[in-house]
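[1] just need the structure, nothing else, for what follows:
(one chain, ligands or ions: 2)
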Amino acid sequence: MLRPLLLTALCGLTAAGDRPNILFIFTDDHAPHAIGAYGGWLSTVDTTPNLDQLAAEGMLFRRSFCTNSICGPSRAVILTGKHSHKNGFMNNGNQFDGDQQTFPKLLQGVGYKTAMIGKWHLRSDPQGFDHWDVLPGQGDYYNPVLINKDGKRQVEGYCTDIVTDLAIEWLDGNAGGDEPFLLMCQHKAPHRTWMPAARHLNLWDEVDLPEAPTLFDRHLDDASPARFQEMEIDRHMNIVYDTFQTPFEGWDPAAGFANDGSGFRNLEKMTPAQRQAWDAAFADENAAMLQAGLEGDDLVRWKYQRYLKNYLRCIRGVDESVGRLRAYLEEHDLDDNTVVVYSSDQGFYLGDHGWFDKRWMYEESLAMPLIVHWPSVTAPGSECDAMVQNLDYAETFLEMAGAAIPGDMQGRSLAPLLRGQAPDDWRTSIYYHYYEFPSIHRVARHYGIRTERYKLIRYYQFGEWELFDLLADPDELRNVHGDPAYDRVTAGLMRQLEDLRVGYDDDSDVSVMPADWQAEFRAGR
Ligand code: SGN
Ligand code: CA
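    Ligands and ions are numbered 1, 2, ... in the order given. Model (predicted):
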């Protein structure tokens, strides 16, 4: 064990044994309001007993946000502690430059054993890990392919369970030695197309879930992009593809235009037994729905119920995984020295504003869940209101490990907050920039600032602004940009937004596009 000792001497770290292990459990598209501990309009449903327990023992962050609400970019920000324009991964279509500085590499450098298991979604091979075993691309829910240094293989079973098994297998061979570990256990769930494990297919069959308060929002007050998007439960969610209605006469496979066909391919990949359980679970309800001949808002409500139930069923699988991993830590006396962090790449629309998917700077998709249990450090059941971002995770993990935080990282370690301190100079606003347009779901590019009370958004290609007063209008239903009562506030926010762009060194092109280009999108399809 020469390496950690040597480093300890060189860097003045505490002994290797004192440094905590880090278990980073990360999911895809898990909105905070689908976690019991966060409360909100879904909190009457018992969705996440194990995550609620984690929150009861650790700290829950109330104002936790991403910098760019989309999968690959969020992951790249986490690895590098840098905004998308700095780490180079702005859209899902990019390829992550794995040669750059990342926190796993830095932890490895100070003697941590590092592993990455599950959804990676950065296109290039993982670097900075002693061991990695990842899903190619989005990965499949059933019988997924996994890739590691030895090549590809298909594993029979349910993805969340398989990723958990592999994580536990790695812990078995690697945890508890002289070197601390970083294990990144990253699930596909609850990403579209929301496919639960067979054992969860009938959860909440007998109940109607509460309805999202803004399910029938028509976006009349918003800037134009909110009306030409393609992420509505009503117009863009395909009844067979997304909600597993049985194909019926008159069904249009192309309806919605907003899927990549992966869900259909995964159904084809099921074993006969898996497929039988799947079809049986939905058969009666599907038949009854067709019989009822639903239309309009009633049809939206039916799709909403099926969608949200399947989404929450996927989350139940994740929650069980959290329980299994924590039980393993306890059984192997690792729990006292392992920080457990739960987060997800961005939030999600659970019918809020009539939508599914993410991308926008509106609250539901800007928010990321963040729950941290740092034994003997976080106060049980504590909550933190400070504005934090995925930009801060790398710095936080480095400080936990006693490693130096490189000066070119753009976030700030959350360690003081986790210790219960409230630094006077903590940030009072966050910066956001989303780039993936035109692309699936048609969400226009935008950047913006969110302070405790306000949110100013610029859809630069379309030359439009939005301003929300979150105190008066927490659901963001009234765009007050242009309202004279808010002129002074707007001017102040514009200055602050410009300061953030300069401060983070974001000089990406934000020009307004020609009128005919704009008109084509505004017309919709
Ligand atoms: C897939 C989904 C989209 C989703 C993107 C990006 N379609 O294309 O709904 O927005 O991934 O998601 S699906 O037909 O595959 O379900 S992300 O989480 O990777 O950014
Ligand atoms: Ca995602």
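
[2] C-terminal to the one helix or strand residue 468 maps to, what's the next element?
    Assigned by DSSP states H and E, residue 468 belongs to strand 464-469. Counting by DSSP H and E, the next helix or strand C-terminal to strand 464-469 is helix 487-503.

[3] which helices and strands does the strand holding residue 468 pack with?
    Counting contacts by 3 or more C-beta pairs under 8 Å, 6 or more residues apart in numbering; DSSP states H and E, strand 464-469 is packed against strand 454-459, helix 487-503. For the C-beta atoms, the positions are set from N, CA and C on the backbone; glycine is no exception.

[4] select, out of the ones you listed, the one closest to residue 102.
    In terms of C-beta to C-beta, the element of these nearest to residue 102 is helix 487-503, at 22.5 Å.

[5] same question for the closest one: list its buried residues.
    Residues 489, 490, 493, 496, 497, 500, 501 are the ones in helix 487-503 that count as buried (16 or more other C-beta atoms under 10 Å).

[6] of those, which are in range of ligand 1?
    Checked against ligand 1 using C-beta under 6 Å from any ligand atom, these yield no neighbours at all.

[7] nearest to ligand 2, of those?
    residue 500 (23.9 Å; C-beta to the ion).

[8] thinking again about what came up before, now do the strand holding residue 468: everything it contacts.
    Contacts with strand 464-469, where a contact means C-beta atoms under 8 Å, 6 or more residues apart in numbering, come from 222-225, 453-459, 476, 478-483, 486, 489-490, 493.

[9] just the CA coordinates of that strand, formatted as PDB?
    Only the C-alpha atoms of strand 464-469 are listed here, as PDB (Å, rounded to 0.1, in the frame of the first residue of the first chain):
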ATOM      1  CA  GLU A 464     -37.600  36.600 -27.100                       C
ATOM      2  CA  TRP A 465     -37.500  36.900 -23.300                       C
ATOM      3  CA  GLU A 466     -39.400  35.500 -20.400                       C
ATOM      4  CA  LEU A 467     -39.400  36.700 -16.800                       C
ATOM      5  CA  PHE A 468     -41.000  34.900 -13.900                       C
ATOM      6  CA  ASP A 469     -41.600  36.100 -10.400                       C
END
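
[10] what strands flank it, and is each parallel or antiparallel?
    strand 454-459 (antiparallel) (DSSP bridges).

[11] need the contact partners of the partner strand.
    Under C-beta under 8 Å, 6+ apart, the answer for strand 454-459 is 223-225, 361, 444-449, 464-470, 476, 481, 489-490, 493-494, 497, 510.

[12] next, the angle from that strand to helix 487-503.
    70 degrees (axes from the mean of the first three to the mean of the last three C-alpha atoms, to 10 degrees).

[13] residues of this protein that sit close to ligand 2?
    28, 29, 71, 345 (C-beta under 5 Å from the ion).

[14] distance check, the closest residue to the last one other than its chain neighbours against residue 413.
    Just to be clear, that refers to residue 345. Distances taken as C-beta to C-beta, 6 or more residues apart in numbering put residue 74 closest to residue 345, at 3.9 Å, once the chain neighbours are dropped. According to C-beta to C-beta, to the nearest Å, residue 74 and residue 413 sit 19 Å apart.

[15] next: residue 289.
    Residue 289 is 51 Å from residue 413, by C-beta to C-beta.

[16] out of the two, which sits in the busier spot?
    residue 289 (22 against 19; other C-beta atoms under 10 Å).

[17] ok, the closest residue to ligand 2 within the chain - how many residues close by?
    Nearest residue of the chain to ligand 2 (C-beta to the ion) works out as residue 71 at 3.6 Å. Neighbour count for residue 71, taken as other C-beta under 10 Å: 22.

[18] please apply the same query to residue 439.
    Neighbours around residue 439, by other C-beta under 10 Å: 14.

[19] okay, and for the stretch 1-150 of the chain, where does confidence drop off?
    1-17 (pLDDT under 70).

[20] how about 50 then?
    1-16 (pLDDT under 50).

[21] now do the strands in it.
    For the stretch 1-150 of the chain, applying DSSP state E, counting those that start in this stretch gives strands covering 21-27, 59-61, 64-65, 113-119, 131-135, 145-148.

[22] and after the last one, which helix or strand comes next?
    Once strand 145-148 ends, the next helix or strand along the chain (criterion: DSSP H and E) is strand 151-154.

[23] neighbouring strands - and their directions - for that next one?
    Strand 151-154 sits in its sheet next to strand 145-148 (antiparallel), going by DSSP bridges.

[24] buried set for the strand it pairs with?
    146, 147, 148.

[25] can you tell me how far the last one is from residue 331?
    Shown here: residue 148 relative to residue 331, a distance of 26 Å by C-beta to C-beta.

[26] my read: residue 398 touches residue 104, true?
    No. Taking C-beta atoms under 8 Å as the definition, residue 398 is not a contact partner of residue 104, at 10.4 Å.

[27] before we move on, the earlier item: near ligand 1, which of the residues of the chain next to ligand 2 show up?
    Intersecting these with the contacts of ligand 1 gives 28, 29, 71 (criterion: C-beta under 6 Å from any ligand atom).

[28] in JSON lines: the residues you listed, plus distance to residue 38.
    Converted to JSON lines, those look like this (distance: C-beta to C-beta, whole Å):
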{"residue": "28", "distance to residue 38": "18"}
{"residue": "29", "distance to residue 38": "15"}
{"residue": "71", "distance to residue 38": "21"}
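
[29] need the residues of the stretch 51-200 of the chain near ligand 1, please.
    Counting by C-beta under 6 Å from any ligand atom, the stretch 51-200 of the chain comes close to ligand 1 at 70, 71, 92, 121, 138, 191, 192, 193.

[30] which one of those residues is nearest residue 130?
    Nearest to residue 130 among those, with distances taken as C-beta to C-beta, is residue 121, at 20.5 Å.

[31] next, count neighbours for the closest one.
    Residue 121 has 24 nearby residues by other C-beta under 10 Å.

[32] let me know whether it touches residue 137 as I believe.
    Yes. Here residue 121 lies in contact with residue 137, judged by C-beta under 8 Å, at a distance of 6.7 Å.

[33] my guess is residue 241 contacts residue 193, does it?
    Yes. If you go by C-beta under 8 Å, residue 241 and residue 193 touch, sitting 6.6 Å apart.
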